[in-house]
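S.K.: coordinates only, sequence not included:
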């Protein structure tokens, strides 16, 4: 018989894993809503041109990492699984006329992305992102809000020592002269550039600053810096972003070499790292401004800014720091209904069904096994209560056992849901679970 496994670079998220993921996704949605962002859901695949125009053809994502789909039809469209969410969200913004909505349009998305990347720790070919976008506001204040929102997400999730690296990469006014200077710099060193970077030099020189090749580190260290060559408007914008962050007491570190890996970025760019873990393979997330992307995808010139946070990397960081968020189990039943008579599954199922209808997370042990085995299973599931169905049921009672406390008392079936809810709430509020 063949042995089937998940595709290389992917993995199964089992119930022991997904409980903490669910908590993080709920936290992300609640936080985004608190800041006034509404949820959007875009398809997991788009026309390839959406990513080529938005992300940029001369990027690792398009050149090497795009999952392309061959449709089984004569539609003639070339599709690809989304490698990042922003291009698809902006496509939706244009398609649905969201430029007529009150601006800025503030949305968030949580879901899987796909890149044909080399698998390694924290980097999967199917990975999850929490993405936040604000489209329609050109001011520096929204940039500061984005950075602060991202930091708050990490802090509330329990990740320690997250810091922001911040930069500005200019715009269409000041960047052309900078690119010419940067191109001249790298041409002088063309003979020592890796082959891939020599090819990119003439097609998209900014990508060299974003190179993952270790041989580029020393060369890039002495390259011209865009922050020394910003036009007055970009310099003023960047200064105001920093002033807003200072007013919010948000710490950041200026990083002139930070250009991000996507072509659509302009002006503000930023990345999140655990302090001391800086490096292109260690970023927890990042984002920036993309004031030309809406126009590239067919809309009127419209500013935008956003960020993406990798939940896979976040879970890994939480586990490394020993955070309970990484191992929390939210799927444990509040009560398990067990029975003295192994064969009496009818009453166990009926009582559990009534409890669930009353809002109690309850499971019926429907295995025909001895009471002791049923109680052992309930304890292994970390249930708070065991509802023991026995002879008392003839007078309308069951035994309610508090498993952590080891106490037990009779409770009328009619009062069971209310008593469990009361005792469970008191237990949690008391700090024991």
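M.R.: Done, it's in. All values derive from a computational prediction rather than experimental measurement.

S.K.: now the helices for the stretch 1-150 of the chain?
M.R.: Ranges of helices in the stretch 1-150 of the chain, per DSSP state H, counting those that start in this stretch, are 15-34, 48-54, 60, 86-95, 140-157.

S.K.: name the helices or strands packed onto the first one?
M.R.: The one in question is helix 15-34. With contacts taken as 3 or more C-beta pairs under 8 Å, 6 or more residues apart in numbering; DSSP states H and E, helix 15-34 sits against strand 105-114, strand 126-135, helix 140-157, helix 311-320. Any C-beta I mention is one placed from the backbone N, CA and C, and that applies to glycine too.

S.K.: With respect to burial, which of these scores highest?
M.R.: strand 126-135 (a mean of 24; mean count of other C-beta atoms under 10 Å).

S.K.: coming back round to it: least reliable of the helices of the stretch 1-150 of the chain going by mean pLDDT?
M.R.: Looking at the helices of the stretch 1-150 of the chain, the lowest mean pLDDT belongs to helix 60 (a mean of 56).

S.K.: Mind putting the helices and strands packed on helix 15-34 into a markdown table with distance to residue 197?
M.R.: A markdown table is the format used below for the helices and strands packed on helix 15-34 (distance: least, C-beta to C-beta, whole Å):
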| stretch | distance to residue 197 |
| --- | --- |
| strand 105-114 | 26 |
| strand 126-135 | 26 |
| helix 140-157 | 30 |
| helix 311-320 | 26 |
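
S.K.: can I assume residue 407 is in contact with residue 399?
M.R.: No - with contact defined as C-beta atoms under 8 Å, residue 407 does not count as touching residue 399 (10.7 Å).

S.K.: which one of these two has more residues nearby?
M.R.: Each of residue 407 and residue 399 has its neighbours counted (other C-beta atoms under 10 Å); residue 399 has more, 17 against 10.

S.K.: Between the helices and strands packed on helix 15-34, which one is closest to residue 245.
M.R.: Nearest of the helices and strands packed on helix 15-34 to residue 245, taken as C-beta to C-beta: helix 140-157 at 5.0 Å.

S.K.: Just checking the distance from the closest one to the centre of its chain.
M.R.: Relative to its chain's centre, helix 140-157 lies at 14 Å (C-alpha atoms, centre = their mean, to the nearest Å).

S.K.: now the stretch 251-400 of the chain, which segments are flagged as low pLDDT?
M.R.: Where the stretch 251-400 of the chain drops to pLDDT under 70, the residues are 260-263, 277-281, 324-331.

S.K.: follow-up on the earlier one: out of the helices and strands packed on helix 15-34, which comes closest to residue 34?
M.R.: Smallest distance to residue 34 across these (C-beta to C-beta): 9.1 Å, for helix 140-157.

S.K.: Let me know how buried residue 402 is, in neighbour terms.
M.R.: By other C-beta under 10 Å, 16 other residues sit near residue 402.

S.K.: The residue nearest to it when sequence neighbours are not counted: neighbouring residues, count only.
M.R.: Closest residue to residue 402 apart from its sequence neighbours, by C-beta to C-beta, 6 or more residues apart in numbering: residue 385 at 6.1 Å. When neighbours are counted by other C-beta under 10 Å, residue 385 registers 28.

S.K.: same deal with the one 5 residues further on?
M.R.: If you count neighbours by other C-beta under 10 Å, residue 390 ends up with 17.

S.K.: Just list the residues touching the closest residue to it other than its chain neighbours, thanks.
M.R.: Take residue 390 and drop its neighbours on the chain: the residue closest to it by C-beta to C-beta, 6+ apart is residue 340, 4.0 Å away. Counting by C-beta atoms under 8 Å, 6 or more residues apart in numbering, residue 340 touches 371, 388-391.

S.K.: before we move on, back to that, from residue 289, how far out is the residue nearest to residue 402?
M.R.: Remark: distance between residue 385 and residue 289 (C-beta to C-beta, to the nearest Å) = 53 Å.

S.K.: ok, which stretches of the stretch 301-433 of the chain are helices?
M.R.: Counting by DSSP H, counting those that start in this stretch, the stretch 301-433 of the chain has helices at residues 311-320, 345-357, 371-380, 416-429.

S.K.: Deepest-packed of these, please.
M.R.: By mean neighbour count, with neighbours taken as mean count of other C-beta under 10 Å, helix 311-320 ranks first of the helices of the stretch 301-433 of the chain at a mean of 21.

S.K.: What residues are bridge-paired with the residue nearest to residue 402?
M.R.: Listed by DSSP bridges, the beta-bridge partners for residue 385 are residue 335, residue 402.

S.K.: Ok, residue 309 next?
M.R.: Here residue 309, judged by DSSP bridges, has bridge partners residue 130, residue 285.

S.K.: For the helix or strand where residue 236 lies, which outside residues touch it?
M.R.: Using DSSP states H and E, residue 236 sits within helix 232-247. In this structure, residues lying in contact with helix 232-247 by C-beta under 8 Å, 6+ apart are 140-141, 143-144, 147-148, 166, 168, 170-171, 173-174, 227, 230, 252, 267-268.
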